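1. need a structure here:
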Amino acid sequence: MCDGILFGGARGRLAGLIRNGGRRTHRLAAEVERLDQRYRDATVEVPALSTQPWWNRRLPWL
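-> Sure, this is the predicted structure:
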C-alpha cells in the first residue's frame with residue numbers, strides 16, 4: 001500500500017534533483033516515472049487545489 005508520507009517532501013526533492021540534472025538524471029527520472037505510475041495505479045485523484053503537486057491530490061483506493 002502506498003503511504004502518502006513517503007511522497008511528501010522526499011518526492012519534491014526527487015523532482016528537484018531531476019530538474020537540476022546531473023550524471024544520473026536520466027536513470028533517476030526513469031525510475032521515478034516507474035514509481036509515479038505505481039502510485040497513480042494505487043490511488044485516485046481527489047478534489048484539491050490545483051496549486052498542490054499531483055501526488056498530494058491523490059488518496060489510496062478504498
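2. you'd agree Asp36 is in a strand?
-> No. Assigned with DSSP: H, G, I helix; E, B strand; the rest coil, Asp36 falls outside any strand and is helix.
3. That one - how many residues pack around it?
-> Per other C-beta atoms under 10 Å, the neighbour tally for Asp36 reads 16. (Glycine included, C-beta is placed from N, CA and C.)
4. same deal with Asp41?
-> 9.
5. Quick check: it vs Pro60, distance?
-> Note on Asp41: its distance to Pro60, by C-beta to C-beta, to the nearest Å, is 11 Å.
6. could you pull out the strands for the chain?
-> 43-45, 58-60 (DSSP state E).
7. in stretch 37-55, what counts as buried?
-> The neighbour-count check on stretch 37-55 (16 or more other C-beta atoms under 10 Å) flags 39, 43, 55 as buried.
8. Then stretch 9-16?
-> Applying 16+ other C-beta under 10 Å to stretch 9-16 flags 11, 14 as buried.
9. Now do the contacts for the closest residue to Ala29 other than its chain neighbours.
-> Excluding its sequence neighbours, the residue lying closest to Ala29 (C-beta to C-beta, 6 or more residues apart in numbering) is Ile18, at 4.9 Å. By C-beta atoms under 8 Å, 6 or more residues apart in numbering, the contact set of Ile18 is 25, 28-29, 32.
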